[in-house]
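**Student:** Pasting the sequence and the predicted coordinates here, then a few questions.
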Amino acid sequence: MKKFLLTCSVMLFWSYQFNAQTKMVTTTSENNTKMIVQTTKETIYQFKVTDLYGKIFDFSSLKGKKILIVNTASECGLTPQYKDLESIYEKYKDKNFVIVGFPANNFGAQEPGSNEQIAKFCEMNYGVTFPMMSKISVKGADKHEVYQFLTQKSKNGLQDSEVEWNFQKYLINENGELVKVLSPRVLPTDTAIVGWINGN
């Protein structure tokens, strides 16, 4: 009888150890899975969009460059930022830096024009030469997929954000990854942007 009880005790002990190990492996496996989910992020290079002139613009063509993405409007108090945007683009475009503008009518209906009208406005008033995309939505149910990437941590791996107003800036590094979000009132010539362009 004692021998039987001893045998049962040994079996229960090893059964407990086996279950504990199995649970630990499972837990470890689950943690690893979670870790992979948290560290896996998309890049801007997966997107192809249409520019103001109806041509396809492939973000993968910008690999190796720092990218500033900005939502623009023609009738906003911040519209003069076009001047500073063009200024830093001209200064740094040969140093692996590019600006990509996305006209949007989400705030105060301050971008009511057609793509053709926007293109003429940008060229005539500010001499814009950096790439300008066709008008999109940057918030709400019809938010463009590029802005879904920019505003959702689950996609960009950095942070959740909301586009506050026209001329909000998103900074993308040379690997196509989101690295910083700047409010609309941060000027293009601010050290937060110029320093980043220069690697400071």
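**Tutor:** Nice, thanks for sending it over.
**Student:** Name the residues of stretch 86-102 that are buried.
**Tutor:** Using 16 or more other C-beta atoms under 10 Å as the test for burial, stretch 86-102 gives 86, 88, 89, 92, 97, 98, 99, 100, 101, 102. In short, each C-beta sits where N, CA and C put it, glycine included.
**Student:** Can you tell me which of those end up in helices?
**Tutor:** Secondary structure assignment by DSSP state H places 86, 88, 89, 92 of the buried residues of stretch 86-102 in helices.
**Student:** Dump those to a markdown table, plus pLDDT and distance to residue 122.
**Tutor:** What follows is those, written out as a markdown table (pLDDT from 0 to 100; distance: C-beta to C-beta, whole Å):
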| residue | pLDDT | distance to residue 122 |
| --- | --- | --- |
| 86 | 98 | 9 |
| 88 | 98 | 16 |
| 89 | 98 | 12 |
| 92 | 98 | 19 |
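**Student:** Keeping just the C-alphas, turn stretch 107-114 into CSV.
**Tutor:** Backbone C-alpha positions of stretch 107-114 (Å, rounded to 0.1, in the frame of the first residue of the first chain) are rendered in CSV as follows:
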residue,chain,number,x,y,z
PHE,A,107,-11.1,71.7,-41.3
GLY,A,108,-13.4,74.7,-41.8
ALA,A,109,-13.9,73.7,-45.4
GLN,A,110,-10.7,75.6,-46.1
GLU,A,111,-9.7,73.6,-49.2
PRO,A,112,-12.8,73.7,-51.3
GLY,A,113,-11.2,73.8,-54.7
SER,A,114,-10.6,71.0,-57.3
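**Student:** List the buried residues of it.
**Tutor:** Using 16+ other C-beta under 10 Å, the residues of stretch 107-114 that count as buried are 107, 110, 111, 113.
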